[in-house]
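Participant: Give me a model of this one.
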Amino acid sequence: MTASSLLRSFRRAAFLVCLALALAPLAPSARADDLPKFSAPEVNDFVKKYSDFVDQFVKASAAKDEAKMKELSASMDSWASTTGPAIETKIKPEEKEAFDKWMGALFEKLLAASTPPK
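Facilitator: Numbering: from 1, shown residues only. Now for the predicted structure:
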C-alpha cells in the first residue's frame with residue numbers, strides 16, 4: 001500500500017468516526033493533550049484510548065512508519081463501526097460540547113499528521 005493510499009484510507013476512517021459520533025462543527029480551541037472527564041466510565045476509557053491512538057499515529061507519521069500507520073488505520077475502521085455509536089449514547093447532553101471540542105482538537109492533530117508538508 002502506498003503512502004498516499006494509506007493516508008486516503010486514514011482520512012476516510014477518521015471522517016467515519018466523526019460521522020459516527022455525530023459531531024457538530026468542531027471548535028479548535030480545546031487542546032488535544034487535555035483529557036476531559038465525563039460521568040460515564042466508558043467515555044473516559046474511550047477518551048484515554050483515542051488520545052493514545054492519536055499520539056501513536058502522529059509518531060508513526062513523523063517516523064514515516066507506513067506499516068504502523070496501516071495498522072492504526074485498520075483499528076480506526078473498527079472504532080468507526082463499533083465504538084463510536086456506543087460512546088455517543090453514553091455522553092450526557094451537558095457534556096457533549098466538551099466532548100466535541102476535544103474530538104475536534106484531536107481530529108485537527110490527526111489531519112496535520114496525515115497531510116504532507118507543502
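
Participant: Run through the strands of this protein in chain order.
Facilitator: In chain order, the chain shows no strands, with DSSP state E as the criterion.

Participant: shaky segments in it?
Facilitator: Applying pLDDT under 70 to the chain flags residues 1-33, 80, 116-118.

Participant: Could you identify the longest helix within it?
Facilitator: If you go by DSSP state H, the chain has its longest helix at helix 41-62.

Participant: Output the contacting helices and strands for it.
Facilitator: If contacts are counted by 3 or more CB pairs under 8 Å, 6 or more residues apart in numbering; DSSP states H and E, helix 41-62 sits against helix 66-81, helix 83-90, helix 96-114. To be clear about C-beta, it is placed using only N, CA and C from the backbone, and glycine gets the same treatment.

Participant: between it and helix 83-90, how big is the angle?
Facilitator: Orientation check (axes from the mean of the first three to the mean of the last three CA atoms, to 10 degrees): helix 41-62 against helix 83-90 gives 140 degrees.

Participant: What are the buried residues along helix 41-62?
Facilitator: Across helix 41-62, burial judged by 16 or more other CB atoms under 10 Å covers 43, 46, 47, 50, 51, 53, 54, 56, 57, 58, 60, 61.

Participant: Now the first one: closest residue in space, sequence neighbours ignored.
Facilitator: Which is residue 43. Among residues not flanking residue 43 along the chain, residue 90 sits closest, at 5.0 Å (CB to CB, 6 or more residues apart in numbering).

Participant: Please apply the same query to the third one.
Facilitator: In this structure, residue 47 finds its nearest non-sequential neighbour in residue 35, 5.5 Å apart by CB to CB, 6+ apart.

Participant: How many residues are close by that neighbour?
Facilitator: Neighbour count for residue 35, taken as other CB atoms under 10 Å: 13.

Participant: close enough to count as contact, it and residue 48?
Facilitator: Yes. Using CB atoms under 8 Å, residue 35 is in contact with residue 48, at 6.6 Å.

Participant: what do those two both touch?
Facilitator: The contact sets of residue 35 and residue 48 do not overlap (CB atoms under 8 Å, 6 or more residues apart in numbering).
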